[in-house]
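# Sequence unavailable; structure follows:
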Ligand SMILES: Nc1nc(=O)c2c([nH]1)NC[C@@H]1CN(c3ccc(C(=O)N[C@@H](CCC(=O)O)C(=O)O)cc3)CN21
Ligand SMILES: O=c1ccn([C@H]2C[C@H](O)[C@@H](COP(=O)(O)O)O2)c(=O)[nH]1
């Protein structure tokens with residue numbers, strides 16, 4: 001995961017100063033990519049400790065189609081709390097668009113079913129993808145996330161928004177497009193989450209997990225993350241851990257946190273940073 005540290009250096013060396021919606025201020029570059037071969041280990045950062053439970057349970061929550069933070073909170077995950085209404089609602093965010101994209105006749109489309117089915121029955125297809133950018137439900141950028149959610153709009157529009165899958169020689173690769181990436185807090189989660197989803201889909205579809213590619217639009221460092229980023233850049237990367245999936249659940253929707261084990265994770269200590277809301 002040296003590539004991750006190289007991206008942080010790239011931002012510091014080449015970034016432009018940009019204001020942003022949250023009022024925090026960022027240093028930003030545009031159009032970057034990270035690739036990682038999953039055969040070389042599970043891409044959980046080693047230069048700071050990541051909370052794998054948050055990553056795995058967030059993904060399970062997306063796949064359940066859930067858009068309320070109650071289940072997350074009950075399962076030890078608080079990363080979405082700042083954006084939710086007092087009832088825990090986030091509006092029609094990721095889970096809703098992934099599994100129940102609303103149609104004009106009042107029905108819904110499960111894009112995850114489509115992907116699993118395509119991987120099993122038509123793996124050569126160049127159309128194996130799902131996405132979360134549903135313009136009808138995008139929030140008003142000038143309103144608070146909670147006010148948007150109360151009006152039935154997304155609290156935040158999706159950042160990781162398009163997932164495409166590719167099969168060759170029985171191996172599964174995936175590419176994710178992230179339109180806006182918080183390099184210090186969000187990006188490490190998004191990389192690990194894509195890797196986990198790729199492992200799960202591979203298991204369900206009898207494929208071997210291969211490469212993940214993360215393509216990023218606005219890649220930024222928040223002005224109040226600079227000392228944390230400098231600290232991380234002083235640290236040496238360590239051997240990546242391995243992911244063990246201990247059971248083969250009946251479907252992509254039946255995974256539980258207990259099914260996963262991260263073996264051999266020996267990271268540097270965590271580094272606290274404020275989140276821009
Ligand atoms: N500014 C911003 N950055 C993000 O990365 C982000 C958002 N907003 N809004 C929506 C989600 C929420 N995400 C988050 C929110 C908090 C942490 C965070 O505080 N992580 C801590 C540990 C917290 C924990 O896992 O319990 C960390 O040290 O990584 C990470 C991602 C990712 N997304
Ligand atoms: O999975 C995620 C979700 C969010 N982010 C970051 C990227 C931005 O810093 C903010 C979203 O603000 P916008 O004004 O909507 O771009 O959250 C992330 O990195 N990963």
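Thanks, I have it. Since this is a predicted model, take the numbers as computed values, not measurements. Numbering: from 1, shown residues only. Ligands and ions are numbered 1, 2, ... in the order given.

# the helices in the stretch 101-250 of the chain, which residues?
In the stretch 101-250 of the chain, the helices defined using DSSP state H, counting those that start in this stretch lie at 111-121, 145-150, 186-204, 226-233.

# Would you format those as a markdown table with mean pLDDT included?
As requested, the helices of the stretch 101-250 of the chain are exported to a markdown table (pLDDT from 0 to 100):
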| stretch | mean pLDDT |
| --- | --- |
| helix 111-121 | 98 |
| helix 145-150 | 98 |
| helix 186-204 | 98 |
| helix 226-233 | 98 |
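
# closest one to ligand 1 among those?
Between ligand 1 and the helices of the stretch 101-250 of the chain, the tightest spacing by CB to the nearest ligand atom is seen for helix 186-204, at 2.4 Å. Placement of C-beta: from N, CA and C, glycine included.

# Surely residue 7 is in contact with residue 183?
Yes. With contact defined as CB atoms under 8 Å, residue 7 reaches residue 183; the gap is 6.5 Å.

# Quick check: neighbours shared by the two?
Taking CB atoms under 8 Å, 6 or more residues apart in numbering as the criterion, residue 7 and residue 183 both touch residue 219.

# How about the residues of this protein by ligand 2?
Neighbours of ligand 2 within the chain, by CB under 6 Å from any ligand atom: 21, 156-157, 159-160, 180-182, 186-187, 190.

# restrict these to contacts with ligand 1.
Filtering the residues of the chain next to ligand 2 for proximity to ligand 1 by CB under 6 Å from any ligand atom leaves 156, 182, 186.

# Nearest to residue 219, out of these: which one, please.
Of all those, residue 182 has the smallest distance to residue 219: 9.0 Å, by CB to CB.

# Now for the closest one, how many residues are close by?
24 (other CB atoms under 10 Å).

# Could you do the one 4 residues further on as well?
The number of residues packed around residue 186, counting by other CB under 10 Å, is 18.

# again with residue 244
Around residue 244 there are 12 other residues, counting by other CB under 10 Å.

# burial of residue 142, as a residue count?
As a burial measure, residue 142 scores 8 neighbours (other CB under 10 Å).

# TSV please, covering the ones next to ligand 1 among the residues of the chain next to ligand 2 and showing distance to residue 219.
As requested, those are exported to TSV (distance: CB to CB, whole Å):
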residue	distance to residue 219
156	17
182	9
186	10
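
# near ligand 1, anything from the lengthiest strand in the chain?
Scanning the chain for the longest strand, with DSSP state E as the assignment, gives strand 208-222. No. Applying CB under 6 Å from any ligand atom, one finds strand 208-222 out of contact with ligand 1, separated by at least 7.0 Å.

# Now whichever residue of the chain sits closest to ligand 2: closest residue in space, sequence neighbours ignored.
Here the chain gets closest to ligand 2 at one residue, residue 186, 2.3 Å apart by CB to the nearest ligand atom. Excluding its sequence neighbours, the residue lying closest to residue 186 (CB to CB, 6 or more residues apart in numbering) is residue 159, at 6.6 Å.
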